[in-house]
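# Show me the folded form of this:
(one chain, ligands or ions: 1)
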Amino acid sequence: MNATGMTQESPAARIGLGLMRIDALEDAAIRELYSGARQAGVTLFDHADIYGGSWHECERRFGEALRLSPSERAEVTIQSKCGIRIDQPGFDFSAAHIVRQVEGSLRALGTDHLDRLLLHRPDTLVEPEEVARAFDELEAAGKVRAFGVSNHTVGQIRLLRTAVRQPLDVDQVQFGLGHAALAAQGIAANMAGTPQSTDRDGGLLDFARIEGITLQAWSPFQYGFFEGTIFDHPEAAGLRAALDRLATHYGTTPTAIATAWITRHPARMQVVLGTTRADRVAESVAGAGISLSRAEWYELFAAAGYEIP
Ligand SMILES: NC(=O)c1ccc[n+]([C@@H]2O[C@H](COP(=O)([O-])OP(=O)(O)OC[C@H]3O[C@@H](n4cnc5c(N)ncnc54)[C@H](OP(=O)(O)O)[C@@H]3O)[C@@H](O)[C@H]2O)c1
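Below you'll find the model as predicted:
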């Protein structure tokens, strides 16, 4: 604990590595990425049953390339997600689907448990009691140790909590300088006539802080919804210039500054990277160790095109 009573943690604890893009990598490249992340201090590895385009493809590539020893497995947090169907339209939070997908993830990853399971995208046909039944069964069998959600609003979390006993203390959401609605909305909440004031998540950012829910920022560097990165998108030239200026000021890289922008928020989010390059993982870990000033945080926010009323 430090003088303000807050727990000290390493910058690497704020960074996770997402494995959504490893399907095209050779085994050796997967090993290089993993060991580079581990050397940088990263322990959180993020999967989903749908990554790679067919069920469990990226999980399988990860499991087969790495074949983690029991001692290495014990040192890392492996989380996966389910609930999006790729074999039929929509979403599926039925108990049978959740249990089946977790069992598939365990086989593909070559592990006997997930450290955490996230429900990937809200299923409006959800029956919270069914989710509760699946979670209880998976927990009792030792197959999943903790649970959370992804892309869920405040209301959707509260609905699940009417039946689910386990804490839902992670929500993985899209957040970064290229899509900062999570924070931008609250800043403009009372500004009629600006799209930024539209409440899309029921005040998730503040709810997460009040309830101790860790927000995990996915696609931290994407511009919009998979339109390229904030580092090279033509419409993000002003943002890139601001990132470059601060990178020079701190003697670091734009990737580090874009990471620092997320980790500077007092919601203490984790950043789920999608890079396939170990050097970029290390850059982000370095960024998580930089504490931007308020002025710098808002300068980047404005450079990303958001309004400061
Ligand atoms: N919960 C959800 O609904 C959801 C949705 C999408 C993703 N995710 C999770 O979030 C993770 C990250 O998503 P993402 O891959 O879209 O994230 P990202 O880190 O924003 O994007 C990574 C991509 O940007 C490229 N890139 C280009 N310049 C870069 C730079 N300077 N620094 C870093 N990357 C750069 C990377 O290329 P290189 O490989 O060449 O570095 C890679 O193709 C996924 O792996 C997945 O685990 C979750």
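
# Would you map the strands across this protein?
Applying DSSP state E to the chain gives strands spanning 15-18, 44-46, 77-82, 116-119, 147-150, 168-174, 214-218, 270-273.

# Residues in contact with the first one: which ones?
Contacts with strand 15-18, where a contact means C-beta atoms under 8 Å, 6 or more residues apart in numbering, come from 33-34, 37, 40-42, 44-47, 216, 218, 259, 270-275, 281, 284-285, 288. C-beta coordinates here come from the backbone N, C-alpha and C atoms, glycine included.

# on that earlier part again, just tell me which of the strands of the chain ends up closest to the ligand.
Among the strands of the chain, strand 15-18 comes nearest to the ligand, with 2.2 Å by C-beta to the nearest ligand atom.

# Arg116 and Ser69: what is the separation?
The gap separating Arg116 from Ser69 is 21 Å, by C-beta to C-beta, to the nearest Å.

# next one: Gln88
Distance from Gln88 to Ser69, by C-beta to C-beta: 38 Å.

# just the buried members of the contacts of strand 15-18?
By neighbour count, with 16 or more other C-beta atoms under 10 Å, the contacts of strand 15-18 hold 33-34, 37, 40, 42, 44-47, 216, 218, 259, 270-275, 281, 284-285, 288 as buried.

# Hmm, Ala65 is touching Asp27, no?
Yes. In this structure, Ala65 is within contact of Asp27 by C-beta atoms under 8 Å, at 4.0 Å.

# neighbour-wise, which of these two wins?
A direct count of neighbours by other C-beta atoms under 10 Å for Ala65 and Asp27 places Ala65 higher, at 18 against 12.

# about what we covered before: between Arg116 and Ser69, which has more neighbouring residues?
Neighbours per residue (other C-beta under 10 Å) separate Arg116 from Ser69, with Arg116 holding more: 20 against 9.

# re earlier: and the contacts of strand 15-18 near the ligand, which?
Among the contacts of strand 15-18, the residues within reach of the ligand (C-beta under 6 Å from any ligand atom) are 46, 218, 272-275.

# Just send these back as CSV, with distance to Val149 and pLDDT too.
Below are those laid out as CSV (distance: C-beta to C-beta, whole Å; pLDDT from 0 to 100):
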residue, distance to Val149, pLDDT
Asp46, 14, 99
Trp218, 13, 98
Val272, 14, 98
Leu273, 20, 98
Gly274, 20, 98
Thr275, 24, 98
